[in-house]
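1. Sequence and predicted structure are below.
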Amino acid sequence: WGGTTKKGIDCSAFIQKIYNSVYNMDIPRTCREQYKKCIKISKDSLDIGDLVFFKMGKDKWHVGIYLIEKQFAHVSVSQGVTISSLDGNYWKKYYFSSGKIS
């Protein structure tokens with residue numbers, strides 16, 4: 001948690017680096033601040049580059065970036081940077097919101 005380098009990066013730093021390098025946009029560092037910068041959209045309206053947010057309890061948030069066909073890229077503690085499905089049992093259970101960075 002809290003990492004920002006290739007040796008160890010957390011989910012929100014991963015998203016921040018993608019937005020900076022791919023879209024040339026500076027976005028906030030934390031999940032909550034990224035969430036606040038989003039225009040909220042439905043899961044059915046997701047496009048490439050939109051953000052998907054998960055809540056695993058009161059204080060634990062997670063963010064990923066939507067790819068295609070219900071797949072998103074994110075950082076996993078056990079797997080590093082990985083791709084998962086929004087339809088997977090784990091992610092479906094904790095899905096919270098989606099949005100476009102404004």
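-> Happy to help now that I have it.
2. How about the contacts made by the residue nearest to the spatial centre of the chain?
-> Central residue of the chain (CA atoms, centre = their mean): residue 64, 1.9 Å from the mean position. Neighbour list for residue 64: 11, 15, 51-52, 54, 72-74, 84 [criterion: CB atoms under 8 Å, 6 or more residues apart in numbering]. Yep, even glycine has a C-beta here, placed from its N, CA and C like the rest.
3. For these, give me TSV that also has pLDDT and secondary structure.
-> Listed next are the contacts of residue 64 as TSV, based on pLDDT from 0 to 100; DSSP: H, G, I helix; E, B strand; the rest coil:
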residue	pLDDT	secondary structure
11	94	helix
15	97	helix
51	98	strand
52	98	strand
54	97	strand
72	98	strand
73	97	strand
74	96	strand
84	97	strand
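4. Show me the helices in the protein, by range?
-> 11-23, 31-36, 89-94 (DSSP state H).
5. before we move on, the earlier item: for residue 27, state which of the contacts of residue 64 is nearest.
-> residue 15 (7.2 Å; CB to CB).
6. wouldn't the closest one be in contact with residue 65 here?
-> Yes: in this structure, residue 15 is within contact of residue 65 by CB atoms under 8 Å, at 5.8 Å.
7. Between those two, which has more neighbouring residues?
-> residue 15 (24 against 18; other CB atoms under 10 Å).
8. quick one on the thing from earlier: which residues do residue 15 and residue 65 both contact?
-> By CB under 8 Å, 6+ apart, residue 15 and residue 65 have these common neighbours: residue 51.
9. low-confidence ranges in the chain?
-> 1-8 (pLDDT under 70).
10. Now for residue 81: which residues touch it?
-> Taking CB under 8 Å, 6+ apart as the test, what residue 81 contacts is 9, 14, 73-75.
11. Save these as a markdown table, and put in distance to residue 28 and neighbour count too.
-> Putting the contacts of residue 81 into a markdown table (distance: CB to CB, whole Å; neighbours: other CB atoms under 10 Å) gives the following:
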| residue | distance to residue 28 | neighbour count |
| --- | --- | --- |
| 9 | 16 | 18 |
| 14 | 13 | 20 |
| 73 | 18 | 17 |
| 74 | 17 | 19 |
| 75 | 16 | 20 |
